[in-house]
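Q: Turn this into a structure:
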Amino acid sequence: MPRRIPSLLFLKSVATLLAVVAPIPAASAPAQSADKIVGEYLRAMGGAKSLEQIRTTTLSGTVTEAEGGPIGSYSLILKSPDKFYLEILLGPLHFTEAFDGRSAWTEDGPAAPHTLTGAAPAVAAASAIFWNSRLARAKKDKIGIRFVGEENIAGRNTYHLQLSFLTGVRRDLFFDEQTHLLVREVLNGAAQTAPPSDTPSTTEFDYSDYHLAEGVPTPHAIDIHLGARILHVAITRVEFNSPAADSAFAFPTLAGRPLPDIPTLLRDVVKNQDIIENIQKQYTCRVEETEEKTDSKGQVTSTTVSNYDVFYIAGEEVRHLVAKNGQPLTGEEKQKEDDRFDKEFDKLRKKQEELAADPKKQQREQEEDEAQISDFLRAERFTNPRRERFRGQDVIVFDFGPNPEYKPHKLAESIVQKLVGVIWVDEQARDVVRLEAEFSDNAKIAGGLLASLSKGSNFVFEQSLVNSEVWLPSYFEVHASARVLFVHAKANVIDRYSNYRKFQVETQIGAPIPNGGTTTTPPSSPSPAGPSPK
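A: Numbers count the residues shown, from 1 in each chain. Just a heads-up that it's a prediction; the model follows:
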């Protein structure tokens, strides 16, 4: 991954999104039995057109954990197409979770509210989409639907469907065979294992006691499974299309230190990249890359696991493939990879040497970086800034999305302007420590003739603090749905970084770096004279 973020990271991620969708046969449509079950459900709910006219939904009621126990309150507010606010108050339990269309956050008990990471935001986004659309926009939302079988739920015969979202999230739904209404919803999290972080607290909902509310069948009894706890909710009020301000879903505003100006902070991040790159090139690490190809139902058609040695030079990451699917490279395959790696590394080393020897080239590259961040700042709008803790460090977190008042003039601007997401920045280190982004619309290249990335394609980039001196990549996840030429495909890629080792060069962050510093050339084949990590 490149170090010049955020603008170059976005463009590199776009290239990765397109690269992982290698040509595979176009996927077939969901099974007819699944289509039939969804159609019966939508008819039972009053029809897809009627559901799509619901812009907001408010459910409120009481909640208990056991008969005769204390009574608390329950609130769920939905705003189409992708916002929700869920609050449960019961004795010492004070649980809130929300998704504002870009980021997810939670507040649990005495802990301060914080933005969700790991698998949790993808699960929250899937909840926001499903709870608002009720499958009325499944094709538009690019939800894969698969019929699993028939099962008995609390004495009812049900049809079991599994939903697959572009983020890799799976969701299991169970529909009553007689009424065709939803009786159980199971949140399974992401298909891949995200980095250790937040995990979804709510895992299962059981729905019953349906009554018409403004003509829409609505459950008035909900059992919510929170780990080993089961909460019983009795809905007492249902409202559709009542006003709901966007601020209801936003991260709470907390008193404290003033926040920095976000555009200025991002410019400082870009200016700081040269210092970070000089520290980063002292390190090598291992990367395990898992790539999955999936069909339209979200079922995996192929899986490839590749292991790499990774080196950094000229602000770029250079990978040397050492094993595939658990088997070390040997013979002609190994020689071919060694030659490719040597060629790429030498090319970047030459670039680095030329930059170190030519101040004018350094100045031009700096000007290009400044131009790219300027493009990014014009194309995006930054909202909801807040202070949080991430991996034990104080960070600034903010949401971003398209600036509707700006008309892009370049391909890069046009692509970036279709992204929405969240950025975490270490204010002291002046570096991006986490970034998650999703395409809010289709992104076309050459007017869509060459390639097109589908709405919902997304990626997550995360770093960890190494040796208490520099943030280095730890996790990169991509979920892509794209068309390259005339081939449509879906793919998921996860990179896990580990085993960072430092060469015999010491540099402290913020210290002056003499003419590009010192590098150690990694050999394509191990030898006694190779790098000596410590």
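Q: ok, and the closest non-adjacent residue to R349?
A: I313 (5.8 Å; C-beta to C-beta, 6 or more residues apart in numbering). Where C-beta positions appear, they are placed from N, C-alpha and C, glycine not excepted.
Q: Apologies, that question was intended for D100.
A: F249 (4.2 Å).
Q: any idea how far that neighbour is from W131?
A: 13 Å (C-beta to C-beta, to the nearest Å).
Q: hang on, the earlier thing: give the bridge partners for the residue nearest to R349, please.
A: E316 (DSSP bridges).
Q: Per-residue pLDDT of it, please?
A: Looking at I313, its pLDDT stands at 87.
Q: Quick check: the gap between the residue nearest to D100 and A98.
A: Here F249 is placed at a distance of 5 Å from A98 (C-beta to C-beta).
Q: Overlap of the contact sets of those two?
A: 83-85 (C-beta atoms under 8 Å, 6 or more residues apart in numbering).
Q: Which members of the residues you listed are classed as buried?
A: Among those, those classed as buried by 16 or more other C-beta atoms under 10 Å are 83-85.
Q: quick one: which of F249 and W131 has more around it?
A: Neighbour totals were compared for F249 and W131, and F249 leads with 24 against 20 (other C-beta atoms under 10 Å).
Q: Do a quick rundown of the helices in this structure.
A: Counting by DSSP state H, the chain has these helices, from start to end: 7-19, 32-44, 48-52, 120-133, 262-271, 273-280, 331-357, 359-379, 411-416.
Q: Centre of the chain to the second one, how far?
A: Helix 32-44 has its average C-alpha position 30 Å from the chain's average C-alpha position, going by C-alpha atoms, centre = their mean, to the nearest Å.
Q: Okay, buried residues for it please.
A: 34, 37-38, 40-42, 44.
Q: swap in the longest one?
A: Residues of helix 331-357 classed as buried by neighbour count (16+ other C-beta under 10 Å): 337-338, 341-342, 345, 348, 351-352, 355.
Q: now the last one
A: Neighbour-count burial for helix 411-416, counted by 16+ other C-beta under 10 Å, picks out 412-413, 415-416.
Q: So which of those sits lowest on pLDDT?
A: Confidence-wise, A412 trails the rest of those, at 71.
Q: Is it in contact with Q372, as I believe?
A: Yes - A412 lies in contact with Q372 (C-beta atoms under 8 Å); the separation is 7.4 Å.
Q: one step back: relative to V397, which of the helices of the chain is closest?
A: V397 lies closest, by C-beta to C-beta, to one member of those: helix 262-271, at 10.4 Å.
Q: related to what we said a few turns ago, can you redo the helices of the chain as CSV with distance to R171?
A: Shown next, in CSV, are those (distance: least, C-beta to C-beta, whole Å):
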stretch, distance to R171
helix 7-19, 23
helix 32-44, 13
helix 48-52, 18
helix 120-133, 6
helix 262-271, 34
helix 273-280, 39
helix 331-357, 40
helix 359-379, 33
helix 411-416, 29
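Q: and the buried residues of helix 411-416, which two are the farthest apart?
A: Applying C-beta to C-beta across the buried residues of helix 411-416, the maximum distance is between E413 and I415, 7.4 Å.
Q: give me the low-pLDDT residue ranges for this structure?
A: By pLDDT under 70, the low-scoring segments of the chain are 1-32, 189-202, 254-255, 296-298, 369, 392, 445-451, 482-489, 503-534.
Q: How much space separates L173 from D206?
A: 12 Å.
Q: give me phi/psi at the residue nearest to D100?
A: Dihedral pair for F249: phi -100, psi -10, per degrees, to the nearest 10.
Q: is it true that P113 touches E107?
A: Yes - the criterion here is C-beta under 8 Å, and P113 meets it with E107 at 4.0 Å.
Q: Spell out which residues are contacts of both of these two.
A: 96, 252.
Q: follow-up on the earlier one: of all the helices of the chain, which lies closest to L78?
A: helix 120-133 (5.2 Å).
Q: Does the closest one pack against any helices or strands, and if so which?
A: strand 71-79, strand 83-90, strand 93-99, strand 104-108, strand 169-176, strand 182-190 (3 or more C-beta pairs under 8 Å, 6 or more residues apart in numbering; DSSP states H and E).
Q: relative to strand 104-108, how tilted is it?
A: Here helix 120-133 runs at an angle of 100 degrees relative to strand 104-108 (axes from the mean of the first three to the mean of the last three C-alpha atoms, to 10 degrees).
Q: For helix 120-133, give me every contacting residue.
A: 51-52, 57, 76, 78-84, 97-99, 101, 103-104, 106, 115-116, 141, 143, 163, 165, 167-169, 171, 187, 189-190, 194, 197-200, 422, 436, 438.
Q: ok now it, how far from the chain's centre?
A: For helix 120-133, the distance to the chain centre is 12 Å (C-alpha atoms, centre = their mean).
Q: Could you tell me the angle between it and strand 169-176?
A: For helix 120-133 against strand 169-176, the angle between stretch directions is 40 degrees (the same axes, to 10 degrees).
Q: Can I get helix 120-133 as CSV, trimmed to CA atoms?
A: Provided in CSV are the C-alpha atoms of helix 120-133 (Å, rounded to 0.1, in the frame of the first residue of the first chain):
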residue,chain,number,x,y,z
ALA,A,120,-19.2,-4.4,13.6
PRO,A,121,-19.6,-1.4,11.3
ALA,A,122,-20.3,-3.8,8.3
VAL,A,123,-22.9,-5.5,10.4
ALA,A,124,-24.4,-2.2,11.4
ALA,A,125,-24.5,-1.0,7.8
ALA,A,126,-26.2,-4.2,6.7
SER,A,127,-28.8,-3.7,9.5
ALA,A,128,-29.4,-0.1,8.3
ILE,A,129,-30.0,-1.3,4.7
PHE,A,130,-32.2,-4.3,5.6
TRP,A,131,-34.3,-2.7,8.3
ASN,A,132,-35.1,0.3,6.1
SER,A,133,-35.7,-1.5,2.8
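Q: what sits in contact with each of L173 and D206?
A: What both L173 and D206 touch, as defined by C-beta under 8 Å, 6+ apart, is the set R184.
Q: show me the contacts for A44.
A: With C-beta under 8 Å, 6+ apart, A44 has these contacts: 179-181, 217.
Q: what's the closest of those residues to P473?
A: Among the contacts of A44, and counting by C-beta to C-beta, the member closest to P473 is L181, at 46.0 Å.
Q: Which among the helices and strands packed on helix 120-133 is found nearest to A429?
A: strand 104-108 (23.1 Å).
Q: Check the offset of the closest one from the chain's centre.
A: With C-alpha atoms, centre = their mean as the basis, strand 104-108 stands 16 Å off its chain's centre.
Q: That strand pairs with which strands, parallel or anti?
A: Strand 104-108 has these strand partners (DSSP bridges): strand 93-99 (antiparallel), strand 114-115 (antiparallel).
Q: got CSV for the ones you listed, with mean neighbour count and distance to Q363 too?
A: Formatted as CSV, the strands paired with strand 104-108 follow (neighbours: other C-beta atoms under 10 Å; distance: least, C-beta to C-beta, whole Å):
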stretch, mean neighbour count, distance to Q363
strand 93-99, 19, 44
strand 114-115, 20, 37
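Q: quick revisit: now render the buried residues of helix 32-44 as TSV, adding distance to H232.
A: Shown next, in TSV, are the buried residues of helix 32-44 (distance: C-beta to C-beta, whole Å):
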residue	distance to H232
A34	31
I37	28
V38	29
E40	28
Y41	24
L42	28
A44	24
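Q: So among the contacts of A44, which ones count as buried?
A: 180-181.
Q: Next, format the contacts of A44 as a markdown table and append distance to Q463.
A: Compiled in a markdown table, the contacts of A44 are given as follows (distance: C-beta to C-beta, whole Å):
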| residue | distance to Q463 |
| --- | --- |
| T179 | 49 |
| H180 | 47 |
| L181 | 45 |
| P217 | 47 |
